[in-house]
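# sequence and predicted model, in that order:
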Amino acid sequence: QVHVVESGGGLVQPGGSLRLSCSAEGRNLEPYAIAWFRQAPGKEREEVSCIAGTIPNTYYKDTVEGRFIISRDNAKNAVFLQMNDLKFEDTATYYCVIDRAGGCDYDLLRSFGFWGQGTQVTVST
């Protein structure tokens with residue numbers, strides 16, 4: 001079992017920014033794909049972004065591309081999601097998911113990944 005820890009959520013006004021962080025206790029993250037999912041009240045959980053392991057290719061949901069940036073810092077053993085120009089529709093609980101392999105396969109991440117508890121992001125005036 002892998003203990004995934006997320007941080008960085010909060011309340012922000014539209015157009016503002018937040019940076020989410022994800023780490024895993026006792027596990028080197030570098031070889032593994034890591035993704036962010038989100039779930040808004042009354043909606044299904046959806047994938048937001050993923051960064052592959054070893055060769056860190058990145059992938060984004062179309063509605064966040066150009067606003068969100070996923071990155072990893074192997075020295076800190078962490079992955080970050082920089083969220084800029086936040087919109088009301090970005091309000092959700094954000095989950096970090098660590099894959100058991102290096103590729104960004106969202107179906108595998110959903111079914112077999114190691115999930116964090118989630119961090120709340122609220123975009124509001």
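Right, received. Where do you want to start?
# report the central residue of this protein.
The centre of the chain sits closest to Trp36, judged by CA atoms, centre = their mean, with a distance of 2.4 Å.
# contacting residues around that residue?
Residues near Trp36 by CB atoms under 8 Å, 6 or more residues apart in numbering: Leu20, Cys22, Glu47, Val48, Ser49, Cys50, Ile70, Leu81, Tyr94, Tyr95, Cys96, Val97. Placement of C-beta: from N, CA and C, glycine included.
# for the helix or strand bottoming out on mean pLDDT in the chain, name the packing helices and strands.
Lowest on mean pLDDT, DSSP states H and E among the helices and strands of the chain sits helix 106-112, with a mean of 92. Secondary-structure packing of helix 106-112 (3 or more CB pairs under 8 Å, 6 or more residues apart in numbering; DSSP states H and E): strand 34-39, strand 46-51.
# can I get those strands in CSV with mean pLDDT and distance to Gln13?
Putting those into CSV (pLDDT from 0 to 100; distance: least, CB to CB, whole Å) gives the following:
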stretch, mean pLDDT, distance to Gln13
strand 34-39, 98, 19
strand 46-51, 97, 20
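# deepest-packed of these, please.
Sort the helices and strands packed on helix 106-112 by mean neighbour count, taking mean count of other CB atoms under 10 Å, and strand 34-39 sits at the top with a mean of 24.
# ranges for the strands of the protein?
3-7, 10-12, 18-25, 34-39, 46-51, 58-60, 68-73, 78-83, 92-98, 114-115, 119-123 (DSSP state E).
# the first one packs against which elements?
Pointing back at strand 3-7 there. Short answer (3+ CB pairs under 8 Å, 6+ apart): strand 3-7 packs on strand 18-25, strand 92-98.
# go on, the last one?
Counting by 3+ CB pairs under 8 Å, 6+ apart, the packing neighbours recorded for strand 119-123 are strand 10-12, strand 18-25, strand 92-98.
# and these: which comes nearest Gln120?
Nearest of the helices and strands packed on strand 119-123 to Gln120, taken as CB to CB: strand 92-98 at 5.4 Å.
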